[in-house]
Each structure stands twice: as C-alpha cells, then as structure tokens.
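J.: give me the fold of what follows.
(one chain, ligands or ions: 1)
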Amino acid sequence: MTSNGALTIAFARPDIGEEELEAVAETIRSGWLTSGPGMEAFESEFRSYLGGQVEVLAVQSATAGLHLALEALGIGPSDEVIVPTWTFTATAEVVRYLGATPVIVDVDPDTLNISLDAVEAAITPHTKGVIPVHFGGLPVDMRRLRAIADRHGLVIIEDAAHAFPASLDGNMVGDCAHSDATVFSFYATKPLVMGEGGAVTTRLPEVARRIRVMRLHGIDRDVFNRFTAAVRSWQYDVVAPGFKYNLSDLHASIGRVQLRRTPVMHDRRRAIAKRYFDELGDMPLMLPAEGPSGATHAWHLFVIRLLDQASVSRGEFIDRMAEAGIGTSVHYRPLHEHSYWKSLHPQWNPGTHYPHAAAAASRAVSLPLSSALTDDDVTRITSAARTVLA
Ligand SMILES: *Cc1c(COP(=O)(O)O)cnc(C)c1O
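T.: Purely as a prediction, here's the structure:
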C-alpha cells in the first residue's frame, strides 16, 4: 500500500515527452494553430504508414470521424446499423446522430470482437451497415465480414479506435481492403496520442470528398486552401450544413511525433503483453486472445477475465490492486446494460440476446498497458495480481 493511498501506476499513462513538447512549441512559434500544413503533413504520413492506398481525413475525434463516415456513406433515418455490445458508447451513439437505429449484437466469447454469426442473424431489410470494433487491438475477420456485407448490400465502417498499428493477413487495419471506411482515435489513452484527435481512412474518392467538405461547415474547400491557394480567401461556397470537426495543427504536431515513434512504442506494448502471458499464465484467469497466426495485435488493452476458481470477485480484485497502488479499468460495461440503450430495447434479455457478453461482463478487468511502463512497473503489476489472486 502506498503511504498516501495514491495510485503510483496509473491505468493509462500517456507515452509523451520532450519531442512532443518541442513539436507543439514549434507549431505555436509558426503562428499557424488551426488546420493547416501540420494537419496535411500528418494525413500524408499516416497514409504512407498504412501503405498509401487510402485517403486520410484528420478530425477532432473518432466520434466525429464515425459521424462523418456514416453521413458520407448515406446512413439516415429508418436505417439500421449493426454494432457490438462490447464497445464504448460512441460506436452506437453516432448512429443515433443520424436518426438511424443501432442494432446491438453479441460478441465472440474468445476475442470479444463482434460475433459474425450474430451479425448475419441480425440482418433485416432495413439493415444498411455494420460497425465492427477491433476490440483491444485484435483485428476482426474482415474478409468474412465483407462477404456477409456484400451478400446483403451493407456498408462497413471499422471502429479502429484500439487498432493502431494492427493487421490481418497482410492488410493493415485502416487500409480499407475489406471496408468502406476506417476510423481511428488519437484520444489521450489510445496507442497514438494527440490528447484529442482522430482520422477517417477510405479508398472511395466520393466518400473522402464528402467528409472533407462536411468536417468544416460544408464549405467546399478546406482552410489551408482558403488561405494559400490562388483562389481568393473569400471565394468559397457552402454546399451543406456541415460540422466543425477539423483537427488543429497543434494536435497534429503531437501526432506526427507519435507516428514516428509508433514502431518502438508498439514493440514495447507487445513486450509488456508477453510478460503478462508469461507471468500470469498459471493464475485462475482467462488471458486475452492473441488472434490467428496472420494477425498483428495492436495491444491497446490487456483484458483478463477472472475465472470462477479465483479467490476474489472482480470488484475486490480492482480494489485490492488500487490498494497496491495500481490502476486498472473495465472495458466494457456492455451497451445492453446501460440505461439509454436499454430504454430503446425494453424487450432485451441479456441471457438470451447477449450470452457471451453477459458471461464476460462481470469478469473482465483491464491491466495497465502503456509503452511508458518500465520493467519494474510490470513486475509490480504482475506480483500484485499474483498476491491478490493467491
Ligand atoms: C475511444 C473510443 C471511441 C471514441 O474515440 P474518441 O476519439 O474519444 O471520440 C470510439 N470507439 C471506441 C471503441 C473507443 O475505444
């Protein structure tokens, strides 16, 4: 126990330092604070990282990106969009922004990724799209999902908030080989941090064009062009009631440093995950799925599930880890347990509609998994977990 009861290992410690600080200072000195050359540079560097096949649209958050992608792909009132229950509420709320209905389905019991059988079973004549979430950073089987979507004429928007960098069978998540659009989050706790930020990727030029217009007030040119192109700055046209979702150069400058550091940060997260497997494998826990041999896991989250033989409940485990100075978290309390989503579906019965999520919901705990953790931190985490579970 720490003397003042403070957490000495925070659940999500951002891996940022002097380089990021210097990049922000340089942006401030440049005098260009909002979307401009920094945002454009981030977009083109992110595009290269993903293999150069997609257009990249930087935005203020993944939530904004999901909203824009759904809008650009034509989701509207009376449409249904299938989402997993094992996710953050943003995945489903954006469907409501457009007056459409999220149809919330169960997950695979091993990976906690959306169940593709459940997707097929949920398709109706109103179904227009599906939003798979690569939970924790483990890619969904996109080839199989694409085949299902093609049989029913559905669009696919990947929620890749956890999945950078990740790949399956040679396709990076975000290269959109099997989807219409992919959305990333650069929120403070995610693998690539800007504080707040996000990006949409797509291979569809019309979708990219619509998002570019809608992320900035429905103006048919972005700010950068407005001030630097030969066209006069007052010459622009508003073509739709758009949004204010453009990413600032201040945030982009942090992201550019993080992107350069990604291979090293990812290796570090992989090494920490490997230590958790090695040092917790004999405990009464279900460890996370590593995925098929062709998968590269982003290792955004390391979610353990307490088995029946564990000596403590999930709540006790979290409390006793906190007493040992170690922050943990829960990903997720599934959507079907939350008041708002329940109120839309009064007929829900978790046991019949969400057997796998319901079974995992009382057992899941996320251990810290930041590339900023030291080897000593990891030792403290695994030995505390072993003591609590002993
Ligand atoms: C964090 C998260 C989001 C939202 O990301 P923001 O950038 O904060 O909007 C969406 N989906 C999932 C699965 C997330 O974890």
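J.: hmm, the longest helix anywhere in the chain touching the ligand?
T.: For the chain, the longest helix by residue count, based on DSSP state H, is helix 249-280. No: judged by C-beta under 6 Å from any ligand atom, helix 249-280 stays clear of the ligand, getting no closer than 11.1 Å. In this view, the C-beta of every residue, glycine as well, is placed from N, C-alpha and C.
J.: got a list of contacts for whichever helix or strand comes after that helix?
T.: Using DSSP states H and E, the helix or strand that follows helix 249-280 in sequence is strand 285-286. Contacts made with strand 285-286 from outside it, assessed by C-beta atoms under 8 Å, 6 or more residues apart in numbering, are listed as I304, R305, L306, L307, A310, R363, L389.
J.: now do the helices in the stretch 51-200 of the chain.
T.: Secondary structure of the stretch 51-200 of the chain, counting by DSSP state H, counting those that start in this stretch: helices at 62-72, 90-97, 116-122, 142-152.
J.: make that the stretch 251-390 of the chain, sorry
T.: Counting by DSSP H, counting those that start in this stretch, the helices of the stretch 251-390 of the chain are 314-323, 339-344, 350-353, 355-361, 375-389.
J.: dump the residue contacts of G129.
T.: Taking C-beta under 8 Å, 6+ apart as the criterion, G129 is in contact with L70, L73, I75, D79, V81, I82, L154, V155, I156, I157.
J.: of these, closest to M142?
T.: Comparing the contacts of G129 against M142 with C-beta to C-beta picks out I156 as the nearest, at 7.7 Å.
J.: what about S313, how many neighbours?
T.: By other C-beta atoms under 10 Å, 12 other residues sit near S313.
J.: on that earlier part again, pull out the buried residues from the longest helix of the chain.
T.: For helix 249-280, a neighbour-count test (16 or more other C-beta atoms under 10 Å) marks 249-259, 261-262, 265-266, 268-269, 272-273, 275-276, 279-280 as buried.
J.: which one of the contacts of strand 285-286 has the most neighbours?
T.: Using other C-beta under 10 Å as the neighbour criterion, I304 leads the contacts of strand 285-286 with 23 neighbours.
J.: is that residue bridged to anything, and to what?
T.: Listed by DSSP bridges, the beta-bridge partners for I304 are V365.
J.: quick one: low-confidence ranges for the stretch 1-150 of the chain?
T.: Low-confidence segments of the stretch 1-150 of the chain (pLDDT under 70): 1-7.
J.: near the ligand, which residues of it are found?
T.: Counting by C-beta under 6 Å from any ligand atom, the stretch 1-150 of the chain comes close to the ligand at S61, A62, T63, T87, F88, A90, T91, V133.
J.: chain center to stretch 139-151: distance?
T.: Average the C-alpha atoms of stretch 139-151, do the same for its chain, and the two points are 19 Å apart (C-alpha atoms, centre = their mean, to the nearest Å).
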